[in-house]
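# Give the three-dimensional model of this entry:
(chains A and B)
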Amino acid sequence: MERIKPMLGDVELQQVQQLNIDADQVLTEHEIPALEGNFYQQEGRRGTLIIVSGVLSGVSVKEDAVENPATGLKALREKFKAAEPLSFVSDIMSATDIDEVLIEDMEVTEIAGKPNRFEYAFTLREFTAAPSNPTEPPEIIPPVITETATLIVEVIVVANSAFDFSRVSLTVRGSQTDGTDLFRTLTNRNNNIWTEEDFPPGQYTCEAVVLDTPQMTGNVQAEVRAGETTSVTIVLRSDVKIAQTFMIHYRFDSAFVEPCMLDVLQQVCEFSHANSDLKLVILGHTDLAGSTSYNQALSERRARSAFSVLRFADDNQAAINEWDHIRRPRVSGASLGDSWGAREYQQMLQELGFYSGAISGNHDSATDVAVREFQRQNGLNDDGDVGDSTWPVLIQEYLRLKNLSIPDSQFLPNCSGEILKWLGCSELDPVRDVTFAWRPNRRTEFLFINDDSLPSDVVQPDTFNKPTAGTVNSAWCLNDSSVSSRCCFVKPHVGAGKESCTSTRDPWPREAAEPSPVFMVRGSIKFEDGTPFVGQYTIIAPDGEFMDGEIPTTSGSLRAGTGIKGTTKADGSFEYPAADKHKRPGIFTLEVTGEVVVRCDDQPIEEAKGPFACKRLASDQDSFDVIIVPAALANIMPSIVVPPSIVVKRQHTNPQRQPAVLSVDQAFTGTGIFTRSPDDKILFFTAATGGIALKFDGNDNLFTDAQLLAGVTLFCEGGPNPSDVLDDITLTLQIVVSGQNGRAASEQTTSVLLTLGISSSQTNVADELLILSDTDKIAPGRMLQVQNVSAQATRAMVILRRALPETFAGSLSVQAISNKVQLFSASEEVATPAQTPLSLPQVVANQAIPQVVAAPSTPNHVGTVFWAEALAPSDNALDTGFQLGIDGVEQDGDRVMITAAEVMLSNNVAPFNTAQTRVQIEGVLNRLRTSFDINDLFGTQRDSLFRARVTIAGISANSIQVTLESETEAGVTLESLPLTLNRTSGNAFVSPAPIMAIPDAIPRADITFAAPKSIETIRCRAQGKLKLSVDAPSLDAGAVEVQVRGRVFQFCTITIQGATPTIAADMTTANRVVAQCGIEFRISSSIIIDNPALLDIAQTDCPLTIGGNASRDPEEIALFALGRDSCPHNFLVYFVRSNSMGLFGCSAFPVGQPGVSVADSASQYTFGHEICHVLHLPHDARANNLMTGAGTTTLPATPNTVRLEPDQCQTMDDSGFLEFLE
Amino acid sequence: MSIREIKRLIKLMSDDEFLGLPKIIEMQKKAVPLLQKLLMDSEQANFIHQRALICLGEIGADEGFDTASSYLSSPDPVFRIAAARAIVKIHPHKAAELLMDNLDDEDISACNVKIQCLAASGQTRAKPLLNRLKRNCKDPFIRRSASLAVKHLSQEEQT
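Below you'll find the model as predicted:
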């Protein structure tokens, strides 16, 4: 009888060679105290173990054989995999009473050298079915205990045994066995092994990420079974590049970047700036609705529009042009046109604050009003039509809201000098491979990567040459291998099969730029008064998912891609507790259904622009709480108009108060509260002049609706303190309706402090030039001398300080308070007649004024310097000066005050004609008199008399004291003459007696005047100075200097050593005599020469031929040759001891070498006598005449009685030897 | 002619003209005693004495030689100079003898004038003295002056 073959289920086991059965009992040993032997407790029978082994042979047993599936290995393997109870039949099984078994182990071994033969062995375990539930529940239901497991994750970093595993972030995400999602970051680490006990069973992905350089990531699937320990290993490689990713999402079939998505792009920009070493790749995507080719262009439009937002600040016009093309109607093929219309411009106008209605896509009346208002405010034709002229401006203003910038250097290179701006992936790389409309797939990704090229070649975008070739780039250089792939450089690539991905390098794994756990989304919608809003809304998560679902395909009126509305609870709240609705951090978008205007509860009412709100939620601690703003509040637009800068009022200035206008755009019922911050930099008054200063006490800064509707004009002035920085003063008008805050208008302004300085007077030119204090520059101010024709009056430094705040960018203006003063440039401190005053006002850019960067030196001359002088005397004290203001705004920001005083020395006959202020000393005394009658003096010599006059304002007394000083050329005071000037008219004070300048050689005692007339005399020297100084009341009244005009005869002297002349005495005597002719002898140099041969010269004669003498004796010729080279004048006086003729002196000189010789025997007059011979005077027999031919020893001993007559003076004038010095 | 008249003529001068000199020269020998008296009058100013010596020389009378020569030893170098110039005009031969004896003078200018006067005397016998002076005098100016004098006398000798 043929033995039956063992059957495992319906499979017949062939050639069974061995079959073992192992059955045992479970006994537990218990020790019994004080007794020998143990007690064994029976705990039942284990499942019987059956081991069956044998051989399979023949072609039919191959795994891929199909001829006899019932006996093949494939069938057996399927039984094993199914892990289902199987019936097992065998000859020996009858004794064991086993009905069903489970395959616990299966081994198959191919026998070498014997094709188609396999050894097999099965370990079978007796199967005992679980007892069925009792038909009636027990009275006490035991608690359900969830079985947990242990998860052990080992992370290995290839080729880096010393890796610091604290850098690894290990996360587990997936679905628990009960269906709920789980996201957990593992923290229990021992070196490279993370152990998580009590871990819920489920299917998970374990992911290890290292974000700091070198970046690495890796993941592994883990099935965690209850009660078991699951160990998995993640291998990290340091050369893996990880793309840190942001994303924005789009409305169905649109590339328009919606307002909330601008916030995400701002995050992208900030991340870019914080990670300038990373490159940015912009990757557009679509969902799977529509054709791949259509979606390709759409994905590119999305990437392009996002690129333009990010680059607006870098190239405004390029971004505007790009959007202006994208917004145009779509055409067939790879269209750059996205067909934007009313929906898009409603969103843009709403974000810009022009439109607050629903985003309907319909150009209704409210939209029309908004469009026209936008057009008006932007200088466009307000026709309500958003056409080719309006779109670019609208785009510009919309993109300017964020004004983002990312430099070229953060993009990968394309062709030489060009960057990879963007890429489109069409539908080839979806987040989830779903064939219907699904917003998370409609996205643009922003991949930040630490790499310098794409891992694989990428095909040129379809819209690359749109709108014209070269618009995007000159060429495409990223596809050398002619691939057709578009986005295979990233993974995971969920849309497997949509695109064939063959990378030349490892694709970039994507990781959220801010990996964080998921959390439950919740929020509420209420009215301003706290009343819950019970109604519909739509909320979109940062990943693009409509939290309440999305219409997947168009069905009836339901259009694909639109969100399904949620409904708030009775208390206005909403939440999404389901695990599959938990979201990661990001910007959420919420739209409240209806004609409402909303804001987030933490936003001011100004942020309420329409039914949309954007908010970033980061954890379940956050809540998307939205307030519906009443239209009565939302629509009232307050405004403040205030100048951008206001001059600080000083005590001594009176700047015009600037108007500040508060208003609202429509009638309402409520109030407006006007506030300022800080309160020490600007003042408000109720009138332009006078009025009352606002105290901001809650009453005077509260305005009624009617007042605001009519417009409230306040008047502001800066101060008392200036701004620290530009625009640091904030003015706010807050609308309040029924106790609720409405919109507020805020404006910034700057309080500008201007400072003008002026130097104090210098009593000594060598003294430091000090700047008057802020107090002193106003009172007593500066006394400034009226300039005279010879430009001798000193000037005052006027210094313009940089205005505060120092960053103030306006221009400052310096203006004269009256035409009595004028300004000169910084280089013109010293006046000259040729200088031209600066035109006024002088305008100086504040930023061009030197800035004090450290402690200023003393005196502080940091600033822009001018030099001031007076043109005409003041009518009143401090009636002129300079003002400093802001050019075109306000002139009276600061002042320096000046009293202009005129100080004059003038001709006596035609007093105070400044053209005749020079003093001449010649002439007056050439009448040899010891006493004078004024009438005589006034006869023909009046011009030599002068008077002093000072025109000075602010003097109450009828006389002032002045000092007339005579100085030599070297500045040494020769004589000082105190004078009293009496008021003659107005502010003019004049010396009552005429003043006569007499030569220094004339002793004052030698001159007397006939009574009762008097005359003042002052000694002076030719080319010296007469200086008139005003002593009181101001030390700074200035001084006038006039130079003394005179005739001099200059020469040198040479003394032959051994001679004993009395040169000084001879000079004094001679000058006292020649002073009668207004002549002064001057010795330029005196030297002694050792020449014994010429000490006692031999001469045969001294021919007195006037003006043309000729010496003939050799020694005389030798004498007169001396000193010609060293003397600046061609006249020398030689002092010898004697001459062979016994003469006192001799004026004969060799031709061309004029000079005289004087012997020791000479009288006190010989010196002057001989010189006057050379000045063409012959001997003169008139009494007591210097030129006596009878020997000067016959002249009176007192020099002032020795005379030169006028005709002699004239002769000397005409001699050609005299110099006229001024 | 009285002493008063000679005084007047001596003083008849401008600072730069000796106006009385021609009339005194016209007087010739008659003026000599008057000039001698004048020279003996110590009350007169120095320039009067100087001019008197000048007059003695210009007159050239032997009677005046001794008076003039006596001033070769005057403490005032101006007088020594005036005397030297006068005596060489009165009697060159005798003057040479005196000058050779009084050639040494602490006043360089006076010494120089004496050497010049010696040369002007034409007395070649003075050459050895001048040569010694030329070789031995410490003052280079005097050596040069002596050299010129020797040269002058040599020229005179040849003519």
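# from the middle of its chain, how far away would the host helix or strand of B:Ala83 be?
Following DSSP states H and E, one finds B:Ala83 within helix B:77-90. Distance, stretch centre to chain centre, for helix B:77-90: 1 Å (C-alpha atoms, centre = their mean, to the nearest Å).
# Check stretch A:6-25 too.
Relative to the chain's own centre, stretch A:6-25 is displaced by 88 Å; criterion: C-alpha atoms, centre = their mean.
# Extract the CA atoms of that stretch and return them as CSV.
Extracted in CSV, the C-alpha atoms of stretch A:6-25 (Å, rounded to 0.1, in the frame of the first residue of the first chain):
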residue,chain,number,x,y,z
PRO,A,6,2.2,14.5,3.9
MET,A,7,-0.1,17.5,3.0
LEU,A,8,0.6,21.0,4.2
GLY,A,9,-2.6,22.8,3.4
ASP,A,10,-3.3,21.9,-0.2
VAL,A,11,0.3,21.4,-1.0
GLU,A,12,1.7,17.9,-1.2
LEU,A,13,5.1,17.6,0.2
GLN,A,14,7.3,15.4,-1.9
GLN,A,15,10.1,13.0,-0.9
VAL,A,16,9.7,13.6,2.8
GLN,A,17,12.8,12.2,4.3
GLN,A,18,12.3,12.9,8.0
LEU,A,19,9.5,14.0,10.1
ASN,A,20,10.0,14.7,13.9
ILE,A,21,7.4,15.6,16.5
ASP,A,22,8.3,17.4,19.7
ALA,A,23,5.7,17.7,22.4
ASP,A,24,6.3,18.7,25.9
GLN,A,25,4.6,19.9,29.1
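# Please identify the buried residues of that stretch?
Residues of stretch A:6-25 classed as buried: A:6, A:8-9, A:11-14, A:16, A:19, A:21 (neighbour count, 16 or more other C-beta atoms under 10 Å in any protein chain shown). From N, CA and C alone the C-beta is placed, and that goes for glycine too.
# Nearest to A:Thr864, out of those residues: which one, please.
Comparing the buried residues of stretch A:6-25 against A:Thr864 with C-beta to C-beta places A:Gly9 closest, at 105.8 Å.
# Surely the closest one touches A:Val89?
No. Between A:Gly9 and A:Val89 there is no contact under C-beta atoms under 8 Å: 9.5 Å.
# burial measure for residue 129, as a count.
As the question left the chain open, I've gone with chain A. Neighbourhood size, A:Ala129 [other C-beta atoms under 10 Å in any protein chain shown]: 8.
# Chain B, not that one
Residues near B:Leu129, counting by other C-beta under 10 Å: 19.
# Quick check: next helix or strand after the strand or helix carrying it?
In this structure, B:Leu129 sits in helix B:126-136 according to DSSP H and E. Downstream of helix B:126-136, the first helix or strand assigned by DSSP H and E is helix B:140-158.
# from memory B:Arg125 sits against B:Ala96, does it?
Yes. Between B:Arg125 and B:Ala96 there is a contact at 7.3 Å, judged by C-beta under 8 Å.
# of those two, who's got more company?
B:Ala96 (24 against 12).
# Contacts only, for the more buried one.
Neighbour list for B:Ala96: B:88, B:118, B:121, B:123, B:125-126 [criterion: C-beta atoms under 8 Å, 6 or more residues apart in numbering or on different chains].
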